[in-house]
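Trainee: take this sequence and fold it.
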Amino acid sequence: MPTIQINEILKKLKKNSMFRLSMTSKELFHSNFWAWLIDNYKQKFTGIFYPDYDNSSEFKVEREKNNFDLSLKFKDKIVIIENKFKSLPDKNQLQRYLNKAQNWREKNIILVSYLEPSFKTDTYISYKALYDGLKNADISDINPTDCAIIQNYTECIKLLCELKDSELTNSETIKEFWAEYMALKKDFDEINFAIIIQKIFLNNIAEKLINKIQINNLNYQINIGNSHVAYIDFFIPDTEFSISLYCNGEYKYVFNIQKENGDTKEKLIEKCKNKYEKFLSTKECIKKLKEYCCYMGPNNAWIYKTRKSKDNLDEIACDIETDLLELLKING
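Mentor: Down below sits the predicted model:
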């Protein structure tokens with residue numbers, strides 16, 4: 001059972017001193033530790049984060065300069081190491097960082113991420129690869145204090161990888177995941193890991209659904225709602241609608257309605273109804289106290305309508321594909 005497996009991992013994580021130290025600011029903690037590793041033991045650990053390192057060239061290690069998590073400054077080049085732990089990798093962010101380094105003759109960016117990126121990149125290093133590198137590093141000649149710290153950190157990364165690859169996060173259905181997750185939520189909250197677990201599961205689900213949906217330019221993004229429940233937004237670029245699939249199984253249509261002078265919330269909802277009511281009338285939408293939910297922005301509003309959810313991934317993929325293509329036709 002997933003619960004038994006997760007409980008064993010959580011017990012070990014709670015006992016691991018390095019993990020406990022990381023709880024207040026996970027990404028900062030890991031980046032700071034990597035900087036310490038590289039700065040003190042260049043030849044042993046640099047290659048884990050920068051595989052092309054020649055094991056001899058001199059460089060300077062810097063933290064949080066120009067918003068770079070970690071950077072290695074050589075004589076004629078810069079290597080930017082971007083660490084993602086709590087959030088998903090952002091392709092545009094990586095490009096912005098490369099643009100910031102335009103004064104360097106040669107520049108490289110390495111993405112080290114706990115969650116797999118949704119885009120293709122040749123410079124991605126997983127936390128599993130990080131663990132393998134740390135595990136295989138020769139630390140026999142390092143002083144005992146530092147050696148113990150490195151071993152403890154390596155064990156921490158191993159446990160994090162086991163948690164990520166657990167039966168829970170690889171559940172085949174949303175219903176199965178949510179039931180197990182809620183049974184363990186108190187334990188996840190104790191280690192500030194509840195949202196991360198949701199994101200890991202949704203990232204796995206999103207990849208499975210994307211492979212089933214026959215829309216070539218379909219994109220997705222994982223977000224967190226006000227209720228602290230994560231969701232996937234499936235959308236076609238440059239359109240004004242999307243479909244949100246929540247970690248608890250909710251399935252919502254989202255319409256982006258532009259505001260004009262004097263538009264009230266009621267007026268914007270009416271605009272949405274005029275455009276999409278015929279489409280929505282053919283769907284199994286759930287009747288709620290508020291027919292539509294509306295979140296107002298400065299220039300537009302996001303209007304939501306919830307429909308009955310399904311659990312089988314093939315059925316969900318079919319619904320997402322059908323709904324998005326129908327909405328595409330409505331929007332011309």
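
Trainee: SS state for residue 305?
Mentor: Of the three states, residue 305 takes strand under DSSP: H, G, I helix; E, B strand; the rest coil.

Trainee: show me what contacts it?
Mentor: 252, 253, 255, 276, 280, 285, 291, 292, 293 (C-beta atoms under 8 Å, 6 or more residues apart in numbering). Every residue, glycine included, has its C-beta placed from N, CA and C.

Trainee: work out for me the element the residue nearest to the spatial centre of the chain sits within.
Mentor: In the chain, the residue lying closest to the centroid (C-alpha atoms, centre = their mean) is residue 88, at 2.6 Å. When elements are assigned from DSSP states H and E, residue 88 belongs to no helix and no strand.

Trainee: my guess is it contacts residue 119, does it?
Mentor: No. Using C-beta atoms under 8 Å, residue 88 is not in contact with residue 119; the gap is 10.2 Å.

Trainee: so which of the contacts of residue 305 sit within helices?
Mentor: 276, 280 (DSSP state H).

Trainee: so which of the contacts of residue 305 belong to strands?
Mentor: 252, 253, 255, 293 (DSSP state E).

Trainee: which of those sits closest to residue 311?
Mentor: Taking C-beta to C-beta as the measure, residue 311 lies nearest residue 252 of the ones in strands among the contacts of residue 305, at 15.9 Å.

Trainee: how close does that closest one get to residue 4?
Mentor: Counting by C-beta to C-beta, to the nearest Å, the gap between residue 252 and residue 4 amounts to 34 Å.

Trainee: buried set for stretch 76-84?
Mentor: Within stretch 76-84, the residues that count as buried by 16 or more other C-beta atoms under 10 Å are 78, 79, 80, 81, 82, 83, 84.

Trainee: which residues in the stretch 101-250 of the chain form strands?
Mentor: With DSSP state E, counting those that start in this stretch as the criterion, the stretch 101-250 of the chain has strands at 106-113, 124-126, 219-224, 230-235, 241-246.

Trainee: take those strands and write them to JSON lines, including mean neighbour count, mean pLDDT and distance to residue 100.
Mentor: Formatted as JSON lines, the strands of the stretch 101-250 of the chain follow (neighbours: other C-beta atoms under 10 Å; pLDDT from 0 to 100; distance: least, C-beta to C-beta, whole Å):
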{"stretch": "strand 106-113", "mean neighbour count": "18", "mean pLDDT": "94", "distance to residue 100": "9"}
{"stretch": "strand 124-126", "mean neighbour count": "17", "mean pLDDT": "96", "distance to residue 100": "20"}
{"stretch": "strand 219-224", "mean neighbour count": "16", "mean pLDDT": "92", "distance to residue 100": "23"}
{"stretch": "strand 230-235", "mean neighbour count": "21", "mean pLDDT": "96", "distance to residue 100": "28"}
{"stretch": "strand 241-246", "mean neighbour count": "22", "mean pLDDT": "97", "distance to residue 100": "30"}
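
Trainee: coming back round to it: in strands, which of the buried residues of stretch 76-84 fall?
Mentor: Among the buried residues of stretch 76-84, the residues falling in strands (DSSP E) are 78, 79, 80, 81, 82, 83, 84.

Trainee: if you skip the residues just before and after it, what's nearest to the second one?
Mentor: Spatial nearest neighbour of residue 79, chain neighbours left out: residue 72 (4.2 Å); criterion: C-beta to C-beta, 6 or more residues apart in numbering.

Trainee: let me know the pLDDT of the one you found.
Mentor: pLDDT for residue 72: 96.

Trainee: check whether residue 224 really touches residue 194, as I assumed.
Mentor: No. Look at residue 224 against residue 194 with C-beta under 8 Å: they stay out of range, at 10.5 Å.

Trainee: any regions of this protein where pLDDT drops low?
Mentor: 1, 289 (pLDDT under 70).

Trainee: where do the domain boundaries of it fall?
Mentor: Domain segmentation of the chain under automatic domain parsing yields 2-164, 176-330.

Trainee: ok, which stretches of the stretch 51-200 of the chain are helices?
Mentor: 91-100, 127-136, 144-164, 174-190, 194-212 (DSSP state H, counting those that start in this stretch).

Trainee: got the angle for the last one vs strand 219-224?
Mentor: For helix 194-212 against strand 219-224, the angle by axes from the mean of the first three to the mean of the last three C-alpha atoms, to 10 degrees is 160 degrees.
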